[in-house]
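In: Fold the following, please.
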Amino acid sequence: MIRISSAALLVVGLVALGASPASPKSSVNKEATLAVSNAIAAAELGAKAERLLAKDFKYHGPVGMELETNGYVGFMAQLNASFSDMKMTFTHVVEDGDLVGVHYTNTFVFKTAYNGIPPTGKPVTMTGTFIRKVRDGKVVEEWDNPDLLGLMQQLGAIPPAGAKH
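Out: Purely as a prediction, here's the structure:
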């Protein structure tokens, strides 16, 4: 049996997206990528968006969600309003040229309604992977793949696997 690590799959994904060879700006690209996530976790993206996101920023999220800067900032503000005490852990950060891939774990408390789902006040953990493209020290594009099924199960919107109906 062949086993492939998630980091190896992330690198394959980066190459498939057309990532360019590693550049001397590698630490700048990682810093820019993680600065956006840290601003989201601190509920400061709105105040820092102009410094962190390119004017032509595009977000490609789950289930066909496509957003530009203002929509992205608003979406993240909605998440910050519904989920408090957000803590992000970056389990893998892989860079290939202007693309930075991150596998993350977020923990937070479900404090107010989210998309019509009543709050539980309980802690929630979500994992996922995103790839951000960086240009001139700003994030210009993001492809996000969160574990929405796992999140919806924890929020009580979908029964857990094996639950009796």
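In: outside of the helix or strand hosting Gln78, which residues touch it?
Out: Element membership for Gln78 (DSSP states H and E) is helix 69-82. Residues outside helix 69-82 that contact it (C-beta atoms under 8 Å, 6 or more residues apart in numbering) are 40, 43, 45-46, 49, 53, 55, 57, 59, 67, 86, 110-114, 119, 142. Where C-beta positions appear, they are placed from N, C-alpha and C, glycine not excepted.
In: 6 Å instead?
Out: 40, 43, 45-46, 49, 53, 57, 59, 112, 114 (C-beta atoms under 6 Å, 6 or more residues apart in numbering).
In: again, but for stretch 119-137
Out: Taking C-beta under 6 Å, 6+ apart as the rule, stretch 119-137 contacts 28-29, 32-33, 98-103, 105-113, 139-147, 151, 154.
In: And the buried ones among the residues you listed, selectable in PyMOL?
Out: Buried residues among those (16 or more other C-beta atoms under 10 Å), as a PyMOL selection:
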select buried, resi 29+32+33+98+99+100+101+102+103+106+108+110+139+140+141+142+143+144+146+147+151+154
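In: Many thanks, have a good one.
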